[in-house]
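Engineer: Predicted model, plus sequence, below.
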Amino acid sequence: MKKKLVAVLIVALIVITTGCSNKEELALGKYIAEEGRPGDVAWVSLLEDNEFVFNRGSATSHRPMGNYHIEDEKLILTGHSDDVYVFEIDGDNLIFASGELAERLVEIGTIFKLDKED
C-alpha cells in the first residue's frame, strides 16, 4: 500500500514540476530584427511585469507599449491602443507573424534574436 502511495506521489510531483501548462518562458531583454535597412532596425523589448516596447523601425515615431502573454508557443503583444502583434517563439528567437500596424514596416517572417549583450 505504501509503495502505491509513493508511486502516485512521485507521478503527481513529476506532472506538477514539468508543467501541465503550455506556457513557455522567454528571457527578458531586447530582441533585434536580423534584417532591415541600416539604421532602421526593428526591435522588441520584453520587460518585467509582462510589459513590452516595440520599435517597428525609424519610419514611425510611435513605439507601441503594453502587456504581453504567451499562448500556444506564441508571444502576443497587446498595446495600450488595443493593437495586437503576434510572434512565434523559436528558442531564443521571435518570428514576426502578424500585426496590422506593423506589417507595413516589418515583414512577416522576420526573425528577432535576443541581444545577449544588452
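Structural biologist: Yep, that arrived. Numbers count the residues shown, from 1 in each chain.
Engineer: Give me the residue ranges of this protein where confidence is low.
Structural biologist: Residue ranges of the chain with pLDDT under 70: 1-24, 36-40, 118.
Engineer: any idea how far residue 68 is from the most centrally placed residue in it?
Structural biologist: By CA atoms, centre = their mean, the mean C-alpha position of the chain lies nearest to residue 75, the distance being 3.6 Å. Remark: distance between residue 75 and residue 68 (CB to CB, to the nearest Å) = 6 Å. Bear in mind the C-beta positions are built from the backbone N, C-alpha and C, glycine included.
Engineer: hey, where'd the strands end up in the protein?
Structural biologist: Listed in chain order, the strands of the chain (DSSP state E) span 29-33, 43-47, 51-55, 65-71, 74-79, 84-90, 93-98, 111-114.
Engineer: Tabulate those strands (CSV), appending distance to residue 105.
Structural biologist: Shown next, in CSV, are the strands of the chain (distance: least, CB to CB, whole Å):
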stretch, distance to residue 105
strand 29-33, 10
strand 43-47, 12
strand 51-55, 10
strand 65-71, 16
strand 74-79, 14
strand 84-90, 11
strand 93-98, 10
strand 111-114, 13
